[in-house]
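S.K.: next comes the sequence, and after it the predicted model I'd like to discuss.
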2 protein chains.
Amino acid sequence: MKIAVLGTGVVGTTIAAKLVSQGHEVRIGSRTAGTGKFTFADAAGWAELIFNATKGEASLNALRAAGAERIGTKILVDIANPLDFSKGMPPTLFVKDDDSLGELIQREFPKARVVKTLNTMNSAIMVDPGRLKEEHDVFMSGNDAVAKEAVAAILKSWGWKYIRDLGDITTARGTEMLLPIWIRLWAALGHADYNFHIAM
Amino acid sequence: MKIAVLGTGVVGTTIAAKLVSQGHEVRIGSRTAGTGKFTFADAAGWAELIFNATKGEASLNALRAAGAERIGTKILVDIANPLDFSKGMPPTLFVKDDDSLGELIQREFPKARVVKTLNTMNSAIMVDPGRLKEEHDVFMSGNDAVAKEAVAAILKSWGWKYIRDLGDITTARGTEMLLPIWIRLWAALGHADYNFHIAM
């Protein structure tokens, strides 16, 4: 599949490398084109499916630069978090539990099929869930059932077993609000190699 | 031990019943005294350790009724959540990730040794973690290490194995913000018999 990964940070490059290793065609999108990277517009317009791996505070502007007409009705996998570092550490969220970044994106690009997922663990675990010994989960929120199935197929190809569909895009309020405890677990445990499991 | 449980709802009565079954002396505190229940003041003043199992929106007033001089330097186990049902369902939080109910209580009762715990699962699991087949965790936040050890001893006596001390009372921001996903998991799964496990 032709996949655009918007964002040149650790998350974006980790996901891009995984997709390339699986035989997908990948374009990394950035504000400016350069060696090994395209503009947001050139990556998004070319792709069949788009990952938003930009920083949460930059996501809407990155997607505006990609352009609504180029994003169209494509599946837009949003893995960003609305982290606000402007008030010091640890960061807070710039949208709380009465909205979400996933919904902000869906509202601004109403034709896009936004699927919020993968925003609740570090990037090494995203593409290699088997690196943890215990069972653990990835969550999914979105309004389009077919889009969620397509994203679940990618997640399964990466080794994900527990893919929890929480419902429509408003359920991204739940997963984005996991960041405050994720950050504090990082501090308490001294490492980031963990993830949430819903135990029953 | 002489333990006060403030709050006559399902959570309060479940915890009180568990403590009684273990041989503790228990007084349930309510706004008004009655059969099997004392006032907040009479329960808190008599006790050596206090559980706040009132509704989050009523917690500060309940503790004010108990009285700062009666609470004193006692261990105050806060298991309430700052849920706001005034804006419809699902509820939102009336303090978000830049404060917490645990901190509101600690600031208003600075001598009390507040320990935030048990606020991230249903009451049946609180007192009987073994009812879930899989391993799962309880979190703990508080400024006083000795108080956290004492509360951990109670949790261990109920069967808890994974007790995760996140740090000082500000880390209650993390556990209280688990409610938005907890509520949505309840809707997605169709039952509330689950809990979070930190998988590694």
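M.R.: Perfect, thanks for sending it.

S.K.: against residue B:9, how distant is the most centrally placed residue in chain A?
M.R.: When Cα atoms, centre = their mean is applied to chain A, the residue found nearest the centroid is residue A:79 (1.2 Å). With distances taken as Cβ to Cβ, to the nearest Å, residue A:79 is found 38 Å from residue B:9. (Glycine included, C-beta is placed from N, CA and C.)

S.K.: which residue ranges of chain A form helices?
M.R.: Secondary structure of chain A (DSSP state H): helices at A:10-21, A:40-46, A:56-66, A:68-71, A:101-108, A:123-127, A:145-157, A:172-176, A:179-189.

S.K.: can you lay out these as a markdown table showing distance to residue B:145, mean neighbour count and mean pLDDT?
M.R.: Listed next are these as a markdown table, based on distance: least, Cβ to Cβ, whole Å; neighbours: other Cβ atoms under 10 Å in any protein chain shown; pLDDT from 0 to 100:
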| stretch | distance to residue B:145 | mean neighbour count | mean pLDDT |
| --- | --- | --- | --- |
| helix A:10-21 | 35 | 19 | 98 |
| helix A:40-46 | 49 | 21 | 98 |
| helix A:56-66 | 35 | 19 | 98 |
| helix A:68-71 | 52 | 18 | 98 |
| helix A:101-108 | 37 | 22 | 98 |
| helix A:123-127 | 31 | 20 | 98 |
| helix A:145-157 | 41 | 16 | 98 |
| helix A:172-176 | 32 | 29 | 98 |
| helix A:179-189 | 14 | 20 | 97 |
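
S.K.: any chance of these in a markdown table, plus distance to residue B:124?
M.R.: Output for the helices of chain A, formatted as a markdown table (distance: least, Cβ to Cβ, whole Å):
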| stretch | distance to residue B:124 |
| --- | --- |
| helix A:10-21 | 38 |
| helix A:40-46 | 48 |
| helix A:56-66 | 36 |
| helix A:68-71 | 46 |
| helix A:101-108 | 32 |
| helix A:123-127 | 31 |
| helix A:145-157 | 31 |
| helix A:172-176 | 22 |
| helix A:179-189 | 22 |
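
S.K.: quick one: which of those helices is nearest residue B:16?
M.R.: Nearest to residue B:16 among the helices of chain A is helix A:179-189; the distance by Cβ to Cβ comes to 28.0 Å.

S.K.: neighbouring contacts of that closest one?
M.R.: A:81, A:83, A:90-93, A:119-121, A:192, A:194, B:97, B:139, B:164-167, B:171, B:173-175, B:177-178, B:198 (Cβ atoms under 8 Å, 6 or more residues apart in numbering or on different chains).

S.K.: what sits against residue A:119?
M.R.: Per Cβ under 8 Å, 6+ apart, neighbours of residue A:119: A:78-81, A:175-176, A:179.

S.K.: which of those residues sits closest to chain B?
M.R.: Using Cβ to the nearest Cβ, residue A:175 is the member of the contacts of residue A:119 that sits closest to chain B, with 6.1 Å.

S.K.: out of everything not next to it in sequence, what's closest to that closest one?
M.R.: The shortest distance from residue A:175 to any non-neighbouring residue, by Cβ to Cβ, 6 or more residues apart in numbering or on different chains, is to residue A:139 (4.7 Å).

S.K.: cool, residue A:36 as well?
M.R.: residue A:28 is the one closest to residue A:36 (Cβ to Cβ, 6+ apart), at 6.6 Å.

S.K.: quick check, the one you found in contact with residue A:35.
M.R.: No: look at residue A:28 against residue A:35 with Cβ atoms under 8 Å: they stay out of range, at 10.5 Å.

S.K.: ok, the two, which is more surrounded?
M.R.: For the pair residue A:28 and residue A:35, the greater number of neighbours falls to residue A:28 (23 against 4), based on other Cβ atoms under 10 Å in any protein chain shown.

S.K.: show me what contacts that one?
M.R.: Going by Cβ under 8 Å, 6+ apart, residue A:28 touches A:4-8, A:12-13, A:16, A:36-38, A:43.

S.K.: gap between it and chain B?
M.R.: 30 Å (Cβ to the nearest Cβ, to the nearest Å).

S.K.: one more: residue A:23?
M.R.: 29 Å.

S.K.: how many neighbouring residues does that residue have?
M.R.: Counted by other Cβ under 10 Å, the residues lying close to residue A:23 total 7.

S.K.: so what's residue A:41 up against?
M.R.: Residues near residue A:41 by Cβ under 8 Å, 6+ apart: A:29, A:65-67, A:70.
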